[in-house]
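J.: Turn this into a model:
(one chain, ligands or ions: 2)
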Amino acid sequence: MAIAARHVVVGTAGHIDHGKTSLVKALTGTDTDRLPEEKARGITIDLGFAFLEEPDGLTIEIVDVPGHERFIKNMLAGVGGIDVAMLVIAADEGVMPQTREHFAICSLLHIQHGLIVLTKIDMVEPDWLELVREDVAGLARGTFLASGPIVGVSAKTGEGIPELRAALREMASRVPARGTDQLPRLPIDRVFTIRGFGTVVTGTLMSGRLGLDDRVEVFPTGVQAKIRGLQTHGHAVEQSSAGQRTAVNLQGVERAAVERGNVLGLAGTLAPSVLMDARLELLADAPRPLKSRDRVRVHAGTSEIMARVLLLDRTELAPGQTAFARFRLEAPLVALPGDRFVIRSYSPMLTIGGGTLLDIAPPRFKLKAPAHLAHVKLLAESTPEAVVEEHVRHAGVGGVRVAPLSGRVPFGPDRLRTLLDALQGPGRVVAIDRDWFVHRESLDRLRTLTLATLEQFHRAAPLRPGMSREELRGRAGGVDDRVFTHLLGALEGEGLVRADRDKVRLASHEIKLSTDQQKATDRIEQSYLSAAAAPPSPEEALAQAGLAGDEEHELFQVLIEARKLVKVKESLYFHTQALDTIQDKLVAMLRERKEIGPADIKDLLGISRKYAIPLLEFFDGRRVTARVGERRVLRGG
Ligand SMILES: Nc1nc2c(ncn2[C@@H]2O[C@H](COP(=O)(O)OP(=O)(O)OP(=O)(O)O)[C@@H](O)[C@H]2O)c(=O)[nH]1
Ligand SMILES: [Mg+2]
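T.: Ligands and ions are numbered 1, 2, ... in the order given. Model prediction:
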């Protein structure tokens with residue numbers, strides 16, 4: 001049977017006692033009120049789950065939520081993952097406060113599909129039912145509910161239940177399949193233990209796929225585990241995909257280490273953040289304006305986190321208005337840009353607004369900086385390509401790696417790669433390697449800084465051939481070595497810079513000596529040439545040229561850099577020509593005698609031990625000679 005499995009999640013919504021749970025039971029046969037307290041009080045406290053198996057591989061997953069005002073928090077945890085809202089209104093009572101609040105929440109979460117169910121029709125007269133029908137049609141007008149039907153049912157007599165089921169099926173066919181190319185995310189709504197199996201978490205898989213043996217992480221706690229077992233309504237499965245109610249058995253995780261509000265994802269993929277930037281709308285019937293710095297409850301996925309709102313372009317947000325805002329969260333949020341969220345006032349606990357997340361772990365900005373507003377506007381209004389470019393730009397000269405970036409954008413890793421490739425074409429971003437990108441503007445700034453630093457160095461030390469690479473990298477902001485190598489490579493390619501061993505210089509830099517400097521340098525060189533195998537110390541050579549100083553003296557360094565003088569050991573330099581001559585003599589002697597000792601070279605060159613030993617070691621180092629005990633032989637000879 002090659003029928004594509006489809007899963008559509010339907011959530012109940014509506015005022016307390018309006019018959020949501022009874023309706024779910026009438027539809028599915030499942031009593032979702034499991035808790036003893038729910039049974040005793042006859043109300044729903046926490047989320048309940050049931051499902052309907054329909055023809056053609058369709059499963060309608062049902063999340064039943066509590067209507068009681070005090071448990072809105074639980075309702076919010078359930079409604080975050082739904083595709084279709086089923087707003088339940090008791091025909092005898094009509095629209096009530098939580099009818100409106102739940103409806104507002106569904107609207108704020110941008111739930112696209114919905115229908116209205118009038119319950120308890122066995123309790124009202126037909127003409128009353130007509131009045132209620134007109135009333136709720138008014139409520140639905142112009143909203144996402146307008147396209148769905150209004151179905152009258154009685155859970156008691158069963159009237160209307162088949163029609164409702166057909167309506168749900170029809171509605172489900174309109175829900176587009178969820179993308180499985182995104183990072184898997186399972187906002188956890190329940191945690192329990194099963195004897196012999198350990199900890200199990202459940203939730204509605206928001207996006208992507210999870211499979212047996214996947215290495216997963218509970219965010220934001222950071223606990224990692226392997227998926228030991230996977231179930232969708234009681235059946236063991238190998239894989240679960242977006243839209244499915246999923247139970248995950250986590251290997252070796254303590255029950256206490258996980259709670260509702262945590263998110264299960266692949267290890268290392270999501271980025272918990274205590275800051276979020278968002279577009280925020282205040283409900284038209286919010287009781288008062290929202291002020292910057294007000295404390296609110298943020299509900300996203302199955303989590304509830306306290307936060308302060310900072311309005312970016314005003315001090316106050318009036319009911320019905322929309323603005324950009326930064327949230328300082330009191331605990332880490334695990335979400336992705338593009339996610340919808342709801343805010344409730346701290347006290348009284350009322351749903352007052354919601355919005356779309358634009359950025360998590362956003363860059364730092366000065367309070368109310370125009371650049372901040374421009375940044376969030378761009379994220380809200382621009383093409384995906386421009387959004388990716390903005391993130392790379394804000395990563396600065398350190399650049400950004402693909403894995404953390406995919407935890408910050410509203411599209412999956414594959415799409416992100418395509419967008420990065422597209423940006424590389426015109427050179428907007430530059431790939432340091434396959435996974436690491438830097439914005440062109442950051443590289444350009446680094447380039448300007450590097451060239452200016454070199455210029456300054458040459459001006460301050462015109463006789464020095466170049467700057468140490470590490471020092472240059474440090475002056476250029478201590479940028480990552482790989483990025484710096486990339487830049488130097490580009491500058492060398494353009495012929496602007498030369499890098500010689502660990503010295504970097506501008507290609508245009510030339511050492512220019514004054515006449516006096518040239519004379520003194522020639523004198524130093526002459527001292528070494530004439531001394532041949534028994535050279536003076538740097539101090540002595542400088543003194544002979546009428547200068548004071550040691551080997552660090554800039555003119556002495558000029559000779560070293562020009563390779564006229566060669567260091568044989570600490571403070572012992574030979575003229576390169578002298579060394580060549582010595583080498584020739586040494587090789588000739590070794591050819592003849594095969595083997596020599598330190599005394600032989602002393603005699604050969606007429607020098608003391610002070611020079612002989614370092615010279616022998618130097619030629620060992622040059623691999624001209626090889627040491628055998630105290631004696632030397634010709635290497636390869
Ligand atoms: N006569 C009649 N009674 C109903 C019908 N549906 C539900 N009831 C009764 O209404 C009461 C509340 O029903 P529930 O299904 O628990 O209501 P609920 O909306 O789930 O309530 P909360 O979950 O607490 O918000 C119960 O006593 C039900 O027996 C119906 O169609 N006809
Ligand atoms: Mg109930």
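
J.: Give the partner strands of the top strand by length along the chain in its sheet and their orientations.
T.: If you go by DSSP state E, the chain has its longest strand at strand 322-333. Strand 322-333 has the following sheet partners, assigned by DSSP bridges: strand 273-282 (antiparallel), strand 303-311 (antiparallel).

J.: which of the ones you listed is buried the deepest?
T.: Stretch with highest mean neighbour count among those: strand 273-282 (a mean of 22; mean count of other CB atoms under 10 Å). Any C-beta I mention is one placed from the backbone N, CA and C, and that applies to glycine too.

J.: And for Met556, the neighbour number?
T.: Careful, residue 556 is Phe; it's not Met. By other CB atoms under 10 Å, 23 other residues sit near Phe556.

J.: Gly138 now?
T.: 10.

J.: Over to Ile607?
T.: If we define neighbours as other CB under 10 Å, then Ile607 has 17 of them.

J.: Now the stretch 301-450 of the chain against ligand 1: closest residue?
T.: Minimum separation of the stretch 301-450 of the chain from ligand 1 (CB to the nearest ligand atom) falls at Thr351, amounting to 16.1 Å.

J.: What residues sit buried inside the longest strand of the chain?
T.: Residues Ala323, Phe324, Ala325, Arg326, Phe327, Leu329, Pro332, Leu333 are the ones in strand 322-333 that count as buried (16 or more other CB atoms under 10 Å).

J.: Then stretch 171-178?
T.: Met171, Ala172, Val175, Arg178.

J.: As JSON lines, the residues you listed with distance to ligand 1 would be great.
T.: Formatted as JSON lines, the buried residues of stretch 171-178 follow (distance: CB to the nearest ligand atom, whole Å):
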{"residue": "Met171", "distance to ligand 1": "20"}
{"residue": "Ala172", "distance to ligand 1": "22"}
{"residue": "Val175", "distance to ligand 1": "24"}
{"residue": "Arg178", "distance to ligand 1": "27"}
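
J.: Tell me how far Pro337 lies from ligand 2.
T.: Distance of Pro337 to ligand 2, given as CB to the ion, to the nearest Å: 34 Å.

J.: and if you look at Asp421?
T.: Separation of Asp421 from ligand 2 (CB to the ion): 50 Å.

J.: Can you tell me the SS state at that residue?
T.: Here Asp421 is helix, with the state taken from DSSP: H, G, I helix; E, B strand; the rest coil.

J.: Let's have the strands paired with strand 322-333 in CSV, adding mean pLDDT and distance to Ser527.
T.: Below are those laid out as CSV (pLDDT from 0 to 100; distance: least, CB to CB, whole Å):
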stretch, mean pLDDT, distance to Ser527
strand 273-282, 96, 67
strand 303-311, 96, 72
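
J.: just to revisit the earlier point, what comes into contact with the longest strand of the chain?
T.: Strand 322-333 is contacted by residues 220, 272-282, 298, 300, 303, 305-314, 317, 355, 358, 360, 362, 372-373, 376-377, 380 when judged by CB atoms under 8 Å, 6 or more residues apart in numbering.

J.: near ligand 1, which residues of the protein?
T.: Contact residues, the chain versus ligand 1 (CB under 6 Å from any ligand atom): 16-22, 42-44, 66-68, 119-120, 122-123, 154-156.

J.: Buried subset of the residues you listed, written for ChimeraX?
T.: To isolate the buried members of the residues of the chain next to ligand 1 in ChimeraX, using 16+ other CB under 10 Å:
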select :16,17,18,19,20,21,22,43,44,66,67,68,119,120,122,154,155
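
J.: hang on, the earlier thing: report the distance from the longest strand of the chain to the chain centre.
T.: 18 Å (CA atoms, centre = their mean, to the nearest Å).

J.: And the next helix or strand past it?
T.: Next along the chain after strand 322-333, taking DSSP states H and E as the criterion, comes strand 340-345.

J.: now that next one: how far from the chain's centre is it?
T.: 24 Å.

J.: Counting by contacts, list what that strand packs against.
T.: For strand 340-345, the elements it packs on are helix 97-108, strand 295-300, strand 351-360, judged by 3 or more CB pairs under 8 Å, 6 or more residues apart in numbering; DSSP states H and E.

J.: Is Val201 bridged to anything, and to what?
T.: Note on Val201: beta-bridge partners by DSSP bridges are Val191, Val248.

J.: Pull the number of nearby residues for it.
T.: 27.

J.: Need the max-distance pair from the buried residues of strand 322-333.
T.: Ala323 and Pro332 (24.1 Å; CB to CB).

J.: related to what we said a few turns ago, would you mind giving the helices and strands packed on strand 340-345 as a markdown table with distance to Leu419 and mean neighbour count added?
T.: Shown next, in a markdown table, are these (distance: least, CB to CB, whole Å; neighbours: other CB atoms under 10 Å):
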| stretch | distance to Leu419 | mean neighbour count |
| --- | --- | --- |
| helix 97-108 | 29 | 21 |
| strand 295-300 | 25 | 22 |
| strand 351-360 | 16 | 24 |
